[in-house]
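# Give me the fold of what follows.
(4 chains)
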Amino acid sequence: MNLMRLLRGDTDAPEWYDFPGGVHPPENKTQSLRGPIAEFPLQEEYVVPLNQHIGAVSVPVVEVGESVLTGQVIAEAAGFISAPAHAPTSGTVTAIEDRPVPHPSGLTTGCIIIRADGHDTWRPRTPWAHLQDHHHTDLLARIQNAGLTGLGGASFPTAVKLAADRNHVDTLIVNGTECEPYITADHALMRERPQQILRGIEVAHELYDFRRILIGVEDNKPDAVSALRRALTAIPAELEARIELRVFPTRYPSGGEKQLVYLLTGQEVPAGGLPTDLGMLCHNVGTLAALADAVFDDRPLISRITTLTGNQLPWQGNIEVRLGTDIRTILDWAGYQPDPNRAERIIMGGPMMGFALDQRQLPLVKATNCLLVPTEQELPTPPPAKPCIRCGQCEQVCPAGLLPQQLMWFAQSHEWDKAESHHLFDCIECGACAYVCPSHIPLVQYYRFAKGSIRREQAEHRQSERARLRFEARQARLEREAAEKEARRRQRAEAARARQAEQATTPTADSSPADPVAAAVARSKARKQASQSAAGRATATVSPGAPELTREQLSARLDSQRRRLEKAEAKLAAAAPEHQKAMETTVSKLREQIHKTEQQLADRPEREA
Amino acid sequence: MIILWSILALLFLAALFGALLGYASVRFKPEGDPIIDQIDDILPQTQCGQCGYPGCRPYAEAIANGDPINKCPPGGESTIQELADLLDVEPLPLDAEHGEEKPKQVAIIREDECIGCTKCIQACPVDAILGAAKQMHTVIASECTGCDLCVDPCPVDCIDMVPVETSIQTWHWQAPQPDYKLIATDAGRSGEAA
Amino acid sequence: MTDNAGTITRNGLWTNNPALVQLLGLCPLLAVSGTVVNALGLSVATLAVLMGSNLAVSLLRHYVSDAVRLPAFVMIIAALVTCAEMLMRAFTYELYQILGIFIPLIVTNCAILGRADGFARKNPPLPALLDGLMMGLGFGAVLVLLGAIRELIGQGTLFANMHLLFGDVARGWVWTPIDNYPNFLFAVLPPGAFVVTGLLIALKNAIDSGAEARRARAPIERGSKRVRVTGKIT
Amino acid sequence: MLTPSSPHAVGNQSVQQVMFSVWAATLPGFAALIWFFGWGYLINAVLAVATALVAEAIILRLRRRPVWFFLGDGSALLTAWLLALALPPLAPWWIPVIGTLAAIVFAKHLYGGLGNNPFNPAMVGYAVLLISFPVEMTTRWGIPAALATEAHSLLDSARVIFAGLRVDPALVDGMTMATPLDVYKNDIATLDAAELRAEPLFSAGWRVYGWEWVSGLYLLGGLYLLWRRIITWHIPVAVLGSLTLLALLFSWNPDLRVPVDLHLLGGATMLGAFFIATDPVSAATSNRGKLVFGAGIGILIYVIRTWGNYPDAVAFAVLLMNFAAPLIDHYTRPRVYGEGRS
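Numbering: from 1, shown residues only, chains lettered A, B, ... in the order given. Predicted coordinates for the structure are as follows:
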């Protein structure tokens, strides 16, 4: 395409750049676009999971039994990369407990359960009319408190993205691509509420003063494009001048953040980097609309637009639904009848990147952009995988320029180093490779497995490194302590010897100096005494604790040891049979210690006499 | 005459190569033994002593001196594999006499039963137990290597080893099972033929 | 370190067979195993050299310093190979001509140097001699087997040209199972040698793993070798 | 495993489909072979395919793999089929059998089965046959129907193949070489180009001797595979391109060297370029790698044909480049998105 442009002599910056790879799965979007976005009715119970975003799990700030109002914060962000959660409606907190949540693991996590009172009473709100009236820090705090996360599916906390250094960011990329088949939540939003998206752009622009704002939409959404164009005429000219609406051919995964950046600007996000490294911010249209809600109306993220689709559902379309609504009731509302003849398959997200839910009774979360319930005809179960025939189709379609089959071999043989050197972590898990694989190998699962294993191994290695340091530090400490003890002992022995020598020499000096025999006898006696006392002290130091104890100290110790023995014996008598053995050893050890102390006490008078 | 020349030639060659060997042994003397550090880096540093050596580093030294690489139950198969790759030897199955590979564990003190004897503190190789004499002790779970050395010394048996449970945060995808292994004709006949 | 005779025998012939397990000396193994007679000729030469070198190395083991042991061993082996070469030239001249360069190349047969350095250097003469014998027999057995298979598949005969080694009495030993056999050159060429060797190794591994599976395992006391790392617990 | 990983949608290609499409694409060329060179090709193909399926089933059973699951993927069938296309049509029956066994048992399953063989199994089978039975592989060629004194029937061919009858000298009639390529290469030593060209084999024109037809129909089948996106253009273009280039470079004197048209149409070039070299398992993977791989094959074909001993060179060229494929893959890794842009 770009070559054609070059041949025509068209040297202007192109409308869009061609990224490598990609696939064209059947779009299946029309069935959910027949009607307008429907409001989903209020329910009796809402389950709000505490980890609806990437980052630290938020911390509940309500207690069981507490009444909450719609939009009230019920869990606060825990750390920088985190987001608060809000009550989707007014009611009472009935429990804070682990519940299953939509996650490929099928595991449970902490959730706040709210029984609705049916009134949907809002907490007091303070709408803002003009952004200019408020300071940026207030604006950021308002965004932070609104619990916004990226609504495109990845759920990265929006406030964190919007905290990027404003001096380095000059471009806003608005992602209206929605390249994944079946999903039409963003499409419906752009079609029905384009002004809301533009108001969200206005908020971001207020923070960053963008040089240019690029809205990217695939060419399969002409009605959304015309709605956006109409809405663009109604905004201030200053802002409108910076906005470019770009339409490009439909191809999966043009909506991937990195692919979209390249599509619109021809620049590549550095490996392992973020669009901000290129001075760009990338936001989904849904996120921007929610941003406008949060800032102007003081309405935190308590609902979202979700697509209900798949031919197993009699009613297909988009609904605006409160977060925490039970997915089962949503599906029942859409008239879902499970097919008794085959395994149930409900996919959260689209057919390319979504995951199958293992049950229906799960809360709808911030990331739920679509609930897809396909029939066997429209999305057949993949046939059993065959061995890879190295056909290279996966490589042709990989939008990241990776070698998917090589990565698969490495994952299979657990060669993590090689997988990493083949840029495993640049894989965006779009699934294009697995889509075209003639052997139907679950390639993406291999990458996820490899990534998870590598991350776990890295964490384990960090931990073992810490354990090694702690072990070495402890060994060093023990050695030091032993050395110090030894030094002290030697010092004392030295001192004692000096004292003895003094005692021995003093009488010699006093007695008649002329008698050599007496002097010799005295010297030998002194030597003997000195060695004897040194030996005595040495034996004393063998027993742990204090080596140089006076009689008083020894008897005090004896008393305390006897008291402990009494207690221990009493405990032994009362102990449960399974603890008896341990107590017995304790008692016998105490007895031994007492015996030792008694002996020492018995030794002491002789030497001190 | 031929014999003489042959002997002379051989002697000359011997002298020449002898000198070369002597020079090489001085010039290229290996310094230290970094292989021990590399082995130590692979070992899981639980310091549990199950290998029969007091700590991971002594075992690393023993491996460098030719000890089998299959004596580390906490490291398990993956450590054996890594060691085999590093040392270019055949990976052996784990020697069961040294224990068996278990999922990662962490020690937990049942705190109301603790009598504050400090014995577990002395036993812990990585100082992961906090407490003082006659005070209740507790395990710093993030530092515990799961070596279970603290379990035996406890006079009142109040320490449990519990497997670390997978949470949503630590969970990750497992490798796909090749489908042809799931097909009925294979049932009960796992593995490759030799 | 000294093993008993049974272990040495088992090692040489099966468990640690130089050709099938250690994969040593593959060059002559693959190159001259086209017919039984070639294989047998080289086996005998290798066996003799191996025994001689093991004995010599073992006798000299206290006098050769560690730094120069390899040059010294090579020297010993080279001397012995030269002797073997001369003997073959004297008594089996035709075979000597057929085997050609592979007789002198016995010097570089890693199996010989390997046994000298790995066994004879650390053991008294008698076990070393036995080790040489058994390793040589193990190597030779594989070589002859390989030769037989390749001769049979490649040219459809067995024990052809045995007179080269055994004199005229052996002229009639040749056995031709199929008349007009179209020569299967692949087996005669080196790739065939690789394939047949591979199959022999596979066969040995299959037999071993079968035996392993049948053997009842001794009960193991789990964790019995643990030591205390820390603290004398009083 | 609780739930299968994404993606939940799968494309419409399968291994089976790929294999059968390749097989189908060879059919026009195969039909031409039978039309021009007799029923021996059909008998070869049946023998090879039957051997391949039986051998595959037995090996799968020994390896404890599900037999029908793998037998149904068509890979063994395709291997045997491609081998049969390359064999002389009147070779004794055990030639296709041994070749197929070598291909399936040694080249495929001993390396781990489908997808794990570093070498193209059909070409391994062919190479084993060529170096093991040079006589049978070079003198049992059929004779173009136009030259035969009497049309040889299916029964005649079967009698030659199974009963081990010597090929009727009347049938052979001085035409014992495989392809016009070899005739040209051998006879150019004694004749000059004009004389050679005047011989009936070269001068009789289209439709008579058939070799242009066979190559042309293989080309057609290859284009079908390209259109179906089962192969990419890189390998065939590189093979044909490099071969053409070399042939042009060296063919300024037709009295010394085989001219370009014979290189392209007179041997197994088309079969090799579209059906053999493009075997994904043993070829290079990346697009750039495929170009290098194909160019290497083209160059080797020319080199072996011109300066080597063998009449045709596709099998050896492909096998030699199979050796190099992992290396080529290593050095032609595509640039990863964002790499070197930090």
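# CA only for contacts and neighbour counts going forward, please
Noted.
# count of neighbours near residue 40?
Just going to use chain A. As a burial measure, residue A:40 scores 16 neighbours (other Cα atoms under 10 Å in any protein chain shown).
# um, chain C though
Other residues within reach of residue C:40, judged by other Cα under 10 Å, total 22.
# ok, it touching residue C:145?
No. Contact criterion Cα atoms under 8 Å: residue C:40 and residue C:145 do not qualify, at 9.5 Å.
# so who does the residue most central in space within chain C touch?
Centroid-nearest residue in chain C, with Cα atoms, centre = their mean: residue C:139, separated by 1.9 Å. Residue C:139 sits next to C:13, C:17-19, C:43 when contact means Cα atoms under 8 Å, 6 or more residues apart in numbering or on different chains.
# Of the residues you listed, just say which sits nearest to residue A:381.
Proximity of those to residue A:381 (Cα to Cα) peaks at residue C:19, which lies at 50.6 Å.
# Let me know whether residue B:154 touches residue B:122 as I believe.
No. With contact defined as Cα under 8 Å, residue B:154 does not count as touching residue B:122 (10.6 Å).
# Compare the two (neighbour count), which wins?
More neighbours surround residue B:154 than the other of residue B:154 and residue B:122, with 22 against 18 (other Cα under 10 Å).
# Most proximal residue of the stretch 101-250 of chain D with respect to chain B?
In the stretch 101-250 of chain D, the residue that lies nearest chain B is residue D:112 (10.3 Å; Cα to the nearest Cα).
# now the helices for chain B?
B:2-27, B:34-42, B:56-64, B:76-87, B:119-123 (DSSP state H).
# The fourth one vs helix B:34-42, what angle?
It stands for helix B:76-87. Counting by axes from the mean of the first three to the mean of the last three Cα atoms, to 10 degrees, helix B:76-87 points 160 degrees away from the direction of helix B:34-42.
# so, in contact with chain C or not, helix B:76-87?
No. Using Cα under 8 Å from any Cα of the partner chain, helix B:76-87 stays clear of chain C, with a minimum separation of 13.6 Å.
# Who are the packing partners of that helix?
In this structure, helix B:76-87 packs against helix B:34-42, with contacts taken as 3 or more Cα pairs under 8 Å, 6 or more residues apart in numbering or on different chains; DSSP states H and E.
# these two touch, right, residue A:396 and residue A:390?
No. Using Cα under 8 Å, residue A:396 makes no contact with residue A:390, being 11.8 Å away.
# And residue B:150, how close does it get to chain C?
Distance, residue B:150 to chain C, using Cα to the nearest Cα, to the nearest Å: 10 Å.
# Tell me where the model's unsure across chain B.
B:31-33, B:178-194 (pLDDT under 70).
# Tell me how it divides into domains.
B:34-98, B:103-167 (automatic domain parsing).
# now these in a markdown table, with distance to residue A:349?
Shown next, in a markdown table, are those (distance: least, Cα to Cα, whole Å):
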| stretch | distance to residue A:349 |
| --- | --- |
| domain B:34-98 | 35 |
| domain B:103-167 | 22 |
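# Which among these is found nearest to residue A:304?
So among those, domain B:103-167 is nearest, using Cα to Cα, at 26.8 Å.
# returning to what we had before: pick the most buried one from the helices of chain B.
Highest mean neighbour count among the helices of chain B (mean count of other Cα atoms under 10 Å in any protein chain shown): helix B:119-123, with a mean of 23.
# Is any residue of it near chain C?
Yes. Legend: contact between helix B:119-123 and chain C by Cα under 8 Å from any Cα is shown at B:119, B:122-123.
# mind checking which helix or strand of chain A has the lowest mean pLDDT?
Taking mean pLDDT, DSSP states H and E as the measure, helix A:2-7 is the helix or strand of chain A with the lowest mean score, a mean of 56.
# Same check on chain C?
When the helices and strands of chain C are scored by mean pLDDT, DSSP H and E, helix C:163-166 comes last with a mean of 76.
# Buried residues, it. List them.
C:163-165 (16 or more other Cα atoms under 10 Å in any protein chain shown).
# and of those, the nearest to chain B?
Nearest member of the buried residues of helix C:163-166 to chain B, counting by Cα to the nearest Cα, is residue C:165, at 31.1 Å.
# Against chain D, how distant is the nearest residue to that closest one once chain neighbours are set aside?
Spatially, and ignoring its direct neighbours in sequence, residue C:165 is nearest to residue C:92 (6.1 Å; Cα to Cα, 6 or more residues apart in numbering or on different chains). Applying Cα to the nearest Cα, the value for residue C:92 to chain D is 31 Å.
# Nice, that's everything, thank you.
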